[in-house]
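Q: return atomic coordinates for the entry below.
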Amino acid sequence: MTSSVTIQLQVGSAIPPGNEKETPEIIEFWRQVSSFFADLPFSAQDRLNGSSGLYRVGLNAEQLVAAMENARDQSDSFSRHRLAHIEEPDKTVACSLSVTVSAEDHTPGEEESYQVATVFIQQLVMAINLLRPGAIQLLDTRFTGEGAHRYEAQNYDSRIFYGARKASQEHQWPPLKTLSLEEVWSWLEGTESSRTDTAIKSIDKVLFTLLKVAEQRHEYSARTALLVMYQLEMLLECRQIDSLTDLRHRTAMILGAFSDSADSLSELHEARNGLVMASVPVHRPPLICHTTENALRQQFGQHHSAVESGTALVLALVQDLISHGAQRYRFTETMVRD
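A: Modelled structure (predicted):
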């Protein structure tokens, strides 16, 4: 008989942005997430460069839901609560999560358990941002418990994905779909992205880059724009240095005609090329605090709107694949002589 191992994750900043309308929606969404992930099979590597095995994982998000409810009760919305926390630290934005890992034929070892739990959290970040962009925030994280000092927890911000959702709503393009948790998780499992640490398939390259975008904080520089542009070029199988014609055409084939106000491709393209040609400014990594974002928005070389609109485009394309049960787009060219 095997036993399970529970990995504890302390999150110092777990409340994502959300206005008065969005806050109760996100709380209800997380109740559904908590129920869905109570106990389910999960395939993952047992260690870096290791083999893939079948496990059962369970997510306990009760404290997160409670923290969200407390934020709503104290401040009416998540965004107001985040602002109140700056002046009143007792208005907490912290919580803890736990992931339980078990296997059929053995009790998972320490490193194996942290590996599987970490991959599961990564898959969770991808799934939630594909379902409800910006509804998950894991900042100032650390593992707690026996042996936790040997492992470093990862951080994922909600800011870019929340901005992508708002950009889609503001410009009414690209259209973001309403998908089910079961549908998205099943699709993610089909990509086999949890079973490898090196992406070979194009869709896994996009998903791993989605995690790297989630790791970005206040500085939306050419490096962040490069990550977003890379995802678009991988999804659309189109890499053009001097022209965006094919990229625009293929996007319109899938999502419909571009909205002029939501067209971020030119800025993303210029930022990518500027980085490659070493012609863009390089900024010192900033002190991250509540005043940083506004200061950076005034700084030359930042690409906030383009990164957010571009990320919305990435999410819309991946959602389109999910809704059609596909993992890639295939474009063919034909030639006819009359």
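
Q: ok, which stretches of the stretch 101-250 of the chain are strands?
A: Counting by DSSP state E, counting those that start in this stretch, the stretch 101-250 of the chain forms strands over residues 139-144, given from the N-terminal end onward.

Q: beta partners for Pro41?
A: Note on Pro41: beta-bridge partners Arg56, judged by DSSP bridges.

Q: could you check how far it is from Asn294?
A: 45 Å (CB to CB, to the nearest Å). Any C-beta I mention is one placed from the backbone N, CA and C, and that applies to glycine too.

Q: please name the residues that touch Leu59.
A: For Leu59, the contact set (CB atoms under 8 Å, 6 or more residues apart in numbering) comprises 33-34, 37-38, 97-99, 120, 124.

Q: please list only the buried members of those.
A: With burial judged by 16 or more other CB atoms under 10 Å, the buried subset of the contacts of Leu59 is 33-34, 37, 97-99, 120, 124.

Q: what about those residues, which are in strands?
A: With strands taken from DSSP state E, the overlap with these comprises 97-99.

Q: show me where the stretch 51-200 of the chain has helices.
A: Taking DSSP state H, counting those that start in this stretch as the criterion, the stretch 51-200 of the chain carries its helices at 62-75, 78-87, 110-131, 159-171, 181-191.

Q: output the lowest mean pLDDT helix or strand found in the protein.
A: helix 292-297 (a mean of 80; mean pLDDT, DSSP states H and E).

Q: and it, which residues are buried?
A: When burial is assessed from 16+ other CB under 10 Å, helix 292-297 yields the following buried residues: 293, 296.

Q: for it, give me every contacting residue.
A: Among residues not part of helix 292-297, those counted as contacts by CB under 8 Å, 6+ apart are 159, 218-220, 286, 302, 304.

Q: can you do 10 Å?
A: Around helix 292-297, the neighbours that count as contacts under CB atoms under 10 Å, 6 or more residues apart in numbering are 159, 217-221, 283, 286-287, 289, 302, 304-305.

Q: quick one: low-confidence ranges for the stretch 1-150 of the chain?
A: 1 (pLDDT under 70).

Q: any idea how far apart the tips of stretch 9-28 sit?
A: Taking CA to CA, to the nearest Å as the measure, stretch 9-28 stretches 22 Å from start to finish.

Q: same question, stretch 164-179
A: Using CA to CA, one end of stretch 164-179 lies 17 Å from the other.

Q: quick one: average pLDDT of that stretch?
A: What stretch 164-179 shows for mean pLDDT is 95.

Q: how far off centre is that stretch?
A: 16 Å (CA atoms, centre = their mean, to the nearest Å).

Q: for that stretch, buried residues please.
A: Neighbour counts using 16+ other CB under 10 Å place 164-168, 171, 173-174, 176, 179 of stretch 164-179 among the buried residues.

Q: cool, stretch 275-285 as well?
A: Of all the residues in stretch 275-285, those buried under the rule 16+ other CB under 10 Å are 275, 280.

Q: now do the helices in the stretch 201-338 of the chain.
A: With DSSP H, counting those that start in this stretch as the definition, the stretch 201-338 of the chain shows helices at residue ranges 202-215, 222-235, 245-255, 265-276, 292-297, 304-323.

Q: these: lowest mean pLDDT?
A: Of all the helices of the stretch 201-338 of the chain, helix 292-297 carries the lowest average pLDDT, namely a mean of 80.

Q: just to revisit the earlier point, tell me which two in the contacts of helix 292-297 are the farthest apart.
A: Put simply, by CB to CB the two of these set farthest apart are Leu287 and Ser305, 23.1 Å from each other.

Q: looking at those two, which one has more neighbours?
A: For Leu287 and Ser305, the more surrounded residue by other CB atoms under 10 Å is Ser305, and the numbers stand at 16 against 9.

Q: pretty sure that one sits against Ala271.
A: No. Contact status for Ser305 versus Ala271: not in contact, 11.8 Å apart, counting by CB atoms under 10 Å.

Q: who touches both of the two?
A: Between them, Ser305 and Ala271 share the contacting residues 220, 264, judged by CB under 10 Å, 6+ apart.

Q: which members of the contacts of helix 292-297 are classed as buried?
A: Burial of the contacts of helix 292-297 was assessed by neighbour count (16+ other CB under 10 Å); the buried members are 159, 217-221, 302, 304-305.

Q: any chance of the helices of the stretch 51-200 of the chain in CSV, plus distance to Ile200?
A: What follows is those, written out as CSV (distance: least, CB to CB, whole Å):
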stretch, distance to Ile200
helix 62-75, 34
helix 78-87, 38
helix 110-131, 17
helix 159-171, 25
helix 181-191, 11
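
Q: which one of those lies nearest to His149?
A: Taking CB to CB as the criterion, helix 110-131 is the member of the helices of the stretch 51-200 of the chain that comes nearest to His149, at 11.5 Å.

Q: in the closest one, which residues are buried?
A: Within helix 110-131, judged by 16+ other CB under 10 Å, the buried ones are 112-131.

Q: the residue nearest to Glu62 when sequence neighbours are not counted and Val336: what is the separation?
A: Spatial nearest neighbour of Glu62, excluding adjacent residues (CB to CB, 6 or more residues apart in numbering): Ser34 at 6.8 Å. In this view, Ser34 and Val336 are 56 Å apart by CB to CB.
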